[in-house]
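Peer 1: I need the structure of the sequence given here:
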Amino acid sequence: MSWDPVYRLVQQIPRGRVLSYGALARLLRLRGGARSAGRAMAATPSGKGIPWHRVVGERGKILIREPYASLQKKLLESEGVKITESRVDLKSHLWAPSGKGRRAQKPARASRAKGDSKRTKRA
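Peer 2: Below is the predicted model of the structure:
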């Protein structure tokens with residue numbers, strides 16, 4: 001599987017903003033959810049300008065291990081992101097993409113016509 005869609009979306013996160021792994025997975029409808037987003041971010045190629053440090057846990061928690069956790073904190077703080085006890089202040093720094101073509105929620109289910117059911121009656 002190519003992680004290019006993940007990296008393209010992460011490149012859109014502006015300086016001083018963050019997105020959670022779960023939100024990233026929902027926006028791209030990744031199978032496996034936040035864990036898949038985490039795998040994609042762990043495989044981020046270096047030197048491609050992908051701001052991996054702007055992706056955090058659901059409640060703003062820095063989830064990666066040292067020494068990268070310290071680097072992530074340092075990079076986020078250099079962008080003006082407030083971090084307290086390894087958590088980003090999401091009220092101030094959470095990013096919501098404005099993509100008009102992107103849908104963050106699942107599509108509405110089609111309603112069934114009256115009388116339709118999943119089960120068929122046997123004669």
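
Peer 1: what's around Ser70, how many residues?
Peer 2: By other CB atoms under 10 Å, 11 other residues sit near Ser70. Where you see a C-beta, it was placed from the backbone N, CA and C, and this is true even at glycine.

Peer 1: same thing with Gln72?
Peer 2: 22.

Peer 1: which residues touch the residue nearest the centre of the chain?
Peer 2: The centroid of the chain falls nearest to Leu24 when counting by CA atoms, centre = their mean (1.9 Å). Applying CB atoms under 8 Å, 6 or more residues apart in numbering, we find Leu24 in contact with Val6, Leu9, Val10, Leu30, Ala34, Ala37, Val55.

Peer 1: so of those residues, which ones are in strands?
Peer 2: Val55 (DSSP state E).

Peer 1: Go through the contacts of Leu24 and name the one nearest Gly49.
Peer 2: Val10 (10.1 Å; CB to CB).

Peer 1: contacting residues for that closest one?
Peer 2: Contacts for Val10 (CB under 8 Å, 6+ apart) come out as Leu19, Leu24, Met41, Ile50, Pro51, Trp52, Arg54, Val55.

Peer 1: 7 Å - rerun?
Peer 2: With contacts defined as CB atoms under 7 Å, 6 or more residues apart in numbering, Val10 is in contact with Ile50, Pro51, Trp52, Arg54, Val55.

Peer 1: Report the separation between the last one and Ile13.
Peer 2: Right, the one you point to is Val55. In this view, Val55 and Ile13 are 8 Å apart by CB to CB, to the nearest Å.
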